[in-house]
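>>> dropping a prediction and its sequence here:
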Amino acid sequence: MVAIQKLIDENGLRVDGRRLDELRPIKMEVGLLANADGSAYIEQGRNKIIVAVYGPKEAQPKHIGLHDRAVIRCRYHMAPFSTDERKSPAPSRREIEISKVIREALEPAIFSEYFPRSMVDIFIEVLQSDGGSRCAAITASSLALADAGIPLRDLVVACAVGKIEGKLAVDPSDIEDKLGEADMPVAFIPVLGKISLLQMDGMFTEEEFIEALNMAKNACMKIYELQKQTLKQRYLQIEKEIQETPVQKGEE
Amino acid sequence: MSITPQVEPLAKIKSRRMIKLLASGKRLDGRGLLDYRKIQIENGVIEKAEGSALVSLGATKVLVGVKIETGSPYPDLPNQGALTVNAEFVPLAHKYFEPGPPDENSIELARVVDRGIRESETIDMEKLVIVPGRLVYVVFVDIYILNHDGNLIDAAGIAAISALLNSKLPVYRVDENGEAKKADEYNPLPIQDCPIPVTLTKINDRIVLDPSLDEENIASAKLTMTFTKDGKICAIQKSGIGAFTFQEIIEAQKIAREKANEIRKNFFKEWI
């Protein structure tokens, strides 16, 4: 049994040395899976999450197709080795709920109406989980959708705000989530200025809630910049690959 | 896997009429945008359950039964009782409800109601211990949808807290060998809060309270907020494929807080 430690030290720093408004280190990559139409990988703290997007393709089975828009299918799944104690690979109630809220967080950003009777699959595998895996999964999923060339109104970016020892803190880690008093994941679509995912469990006063909402927005904007950089890097790399490919005889 | 749902087709003439009325602050059934339908709560309808309540919100009918049994505590919480919330969308409640294992909607409903009760510490879990570390009470809250006409979360949340408030806790006596035996006596379940969920629905950029099923079918998104007796927020869930602006969320929070107080004033007077 780990002794319950203080979550904030006398200098106002958190267990991992972060300030209250500081994000965990984030690393993102796109286009790493060869078979998928789009893919992305994110590391946020100890979260390691990989996302693949397939589609748009014909809706299968056909009866799930909609006549005026594409159907989005989303699966959030945790690997059995992603947690301290082995997680059964069968979908838990938590995973079923998270799959739903992630789909609903991404749908407002997708131009689904361009692809009637088709479907887009989003497969999220959490290889290692830390706190805030649904948020990191949303951030990565929108990158994978962009990588698949699916028309988007904007990227979707997500970040949680927690309450630890009475103070609001951005991007809570596993231990802060477990021992903290509240956790509120927020997904934001910057171009639309809209919130597409909002959940909370814990206790917030009205003032804390509004403050937490603003903190989440600011944190999301920081992650949004990283998302855009990651995508740009990918396109520069593709451009370079094309330029470096020797032109074959007979192709000119 | 979660799939974009098919919504029930609604006659164009009806949905156009609904949207036109909403723009002028009216609704098809004559209510204002922020009015509830008629709310009725019947307590103790199932005698064999330790607690029960039947709640109607207009034509929506939700029955909640509470069963209290004993079991081992969670290994990480040896000195606390346990709470399980489950929801059944039984096929008699709507033509689209199918028998079978719970789908994502019933899981979401149960988990949102669960969060409201758990996070507000409505049940004093530390009082639910019979033999510390070995035997505790397990409270099962089972939500049964009997007729679906929209706003299931609010109806289920109100039914759940009503049922918990009239629940009785069977007394167990521990003999010298450490064996627990059920006595023919009951205590009230230790309840210390009264969480009320309020769902606001966005239809064509209008915020609407207590939507009917037809209104839910043309809505873009829903926001459920659960408030404790002190006016703190203890659970939030946005659902649906639309999104809210910051302004809408802050406004919705104010409305929901007022409405939760209104419900408490009308039906749970002792919790103000």
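On my side now, so go ahead. Numbering: from 1, shown residues only, chains lettered A, B, ... in the order given.
>>> going forward, measure contacts between C-alpha atoms and count neighbours the same way
Fine.
>>> what's the worst-scoring helix or strand of chain B on mean pLDDT packed up against?
In chain B, no helix or strand scores lower on mean pLDDT, DSSP states H and E than strand B:180-188, which sits at a mean of 91. Contacts defined by 3 or more Cα pairs under 8 Å, 6 or more residues apart in numbering or on different chains; DSSP states H and E place strand B:180-188 against strand B:168-174.
>>> list of residues touching the strand it packs on?
Strand B:168-174 is contacted from outside by B:50-51, B:68, B:130-131, B:180-189, using Cα atoms under 8 Å, 6 or more residues apart in numbering or on different chains.
>>> quick check on the residues you listed: which are buried?
B:50-51, B:68, B:130-131, B:180, B:189 (16 or more other Cα atoms under 10 Å in any protein chain shown).
>>> contacts for stretch B:47-64?
B:36-46, B:65-68, B:141-152, B:155-156, B:158-160, B:162-169.
>>> check the burial of A:Pro25 by counting its neighbours.
9 (other Cα atoms under 10 Å in any protein chain shown).
>>> what does B:Thr60 give?
22.
>>> starting at the chain centroid, how far to the host helix or strand of B:Thr224?
Taking DSSP states H and E as the criterion, B:Thr224 maps to strand B:221-227. Centroid separation between strand B:221-227 and its chain, computed with Cα atoms, centre = their mean, to the nearest Å, is 11 Å.
>>> note down every partner strand of that strand and its orientation.
strand B:196-203 (antiparallel), strand B:233-239 (antiparallel) (DSSP bridges).
>>> apart from its neighbours in sequence, what residue is nearest B:Val64?
Distance criterion Cα to Cα, 6 or more residues apart in numbering or on different chains; nearest residue to B:Val64, sequence neighbours excluded, is B:Ile143 at 4.6 Å.
>>> again but with B:Arg27, I slipped
The nearest residue in space to B:Arg27 (Cα to Cα, 6+ apart) is B:Leu21, at 5.7 Å.
>>> angle of the helix or strand harbouring the one you found against strand B:196-203?
Secondary structure from DSSP H and E places B:Leu21 in helix B:12-23. Inter-element angle recorded for helix B:12-23 and strand B:196-203: 110 degrees (by axes from the mean of the first three to the mean of the last three Cα atoms, to 10 degrees).
>>> list the buried residues of helix B:12-23.
B:15, B:18-19, B:22.
>>> and that helix, average pLDDT?
Mean per-residue pLDDT for helix B:12-23: 93.
>>> again, but for stretch B:230-247
pLDDT averaged over stretch B:230-247 gives 96.
>>> contacting residues around that stretch?
A:101, A:103-105, A:107-108, A:193-206, B:112, B:115-116, B:119-120, B:195, B:220-228, B:257.
>>> show me which of those are buried.
Here, 16+ other Cα under 10 Å leaves A:101, A:103-105, A:107-108, A:194-204, A:206, B:112, B:115-116, B:119-120, B:195, B:220-228, B:257 buried among the contacts of stretch B:230-247.
>>> helix or strand: which one has the residue most central in space within chain B?
Ranked by distance to the mean C-alpha position of chain B (Cα atoms, centre = their mean), the top residue is B:Gly157 at 1.9 Å. Element membership for B:Gly157, per DSSP H and E: helix B:152-165.
>>> show me what residue of the stretch 51-200 of chain B gets nearest to chain A.
Minimum separation of the stretch 51-200 of chain B from chain A (Cα to the nearest Cα) falls at B:Glu119, amounting to 5.2 Å.
>>> phi, psi for that residue please.
Taking degrees, to the nearest 10, you get phi -70, psi -30 for the backbone angles of B:Glu119.
>>> circling back: now tabulate the strands paired with strand B:221-227 in a markdown table and tack on distance to B:Thr245 and mean neighbour count.
As requested, the strands paired with strand B:221-227 are arranged in a markdown table below (distance: least, Cα to Cα, whole Å; neighbours: other Cα atoms under 10 Å in any protein chain shown):
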| stretch | distance to B:Thr245 | mean neighbour count |
| --- | --- | --- |
| strand B:196-203 | 11 | 27 |
| strand B:233-239 | 12 | 26 |
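>>> re earlier: contact partners of the strand holding B:Thr224?
With Cα under 8 Å, 6+ apart as the criterion, strand B:221-227 contacts B:116, B:153, B:195-203, B:233-244, B:253, B:256-257, B:260.
>>> quick revisit: for the residue nearest to B:Val64, the count of nearby residues, please.
Neighbour tally, B:Ile143, other Cα under 10 Å: 28.
>>> tell me the pLDDT of it.
pLDDT at B:Ile143 comes out at 98.
>>> could you do A:Glu241 as well?
88.
>>> name the element A:Val101 belongs to?
helix A:93-106.
>>> flag every buried residue along that helix.
For helix A:93-106, using 16+ other Cα under 10 Å, the buried residues are A:93, A:95-106.
>>> quick revisit: list buried residues within the contacts of stretch B:47-64.
B:36-37, B:39, B:41, B:43-44, B:65-68, B:141-152, B:155-156, B:158-160, B:162-169.
>>> who in chain B is up against chain A?
Neighbours of chain A within chain B, by Cα under 8 Å from any Cα of the partner chain: B:1-4, B:6, B:104, B:107-108, B:115-116, B:119-120, B:231-246, B:250.
>>> A:Ala169 reaches A:Leu20, doesn't it?
Yes. A:Ala169 lies in contact with A:Leu20 (Cα atoms under 8 Å); the separation is 4.6 Å.
>>> what segments of chain B are helices?
B:12-23, B:104-119, B:152-165, B:213-218, B:246-267 (DSSP state H).
>>> doesn't A:Cys135 fall inside a strand?
No. Using DSSP: H, G, I helix; E, B strand; the rest coil, the assignment for A:Cys135 is helix, not a strand.
>>> next up, the contacts around it.
So A:Cys135 contacts A:157-160, A:185-187 (Cα under 8 Å, 6+ apart).
>>> same check, this time on A:Asp9
A:Val15.
>>> and with 6 Å instead?
By Cα atoms under 6 Å, 6 or more residues apart in numbering or on different chains, no residues touch A:Asp9.
>>> with B:Gln6 instead?
Counting by Cα under 6 Å, 6+ apart, there are no residues that B:Gln6 touches.
>>> and the pLDDT at it?
For B:Gln6, pLDDT reads 88.
>>> for it, what are phi and psi?
Dihedral angles for B:Gln6 - degrees, to the nearest 10 - are phi -90, psi 130.
>>> kindly report the same for A:Tyr41.
According to degrees, to the nearest 10, A:Tyr41 has phi -130, psi 140.
>>> that one: how many residues sit nearby?
For A:Tyr41, using other Cα under 10 Å, the count is 26.
>>> who does it form a beta bridge with?
Bridge pairing for A:Tyr41 - DSSP bridges - gives A:Glu29, A:Ile50.
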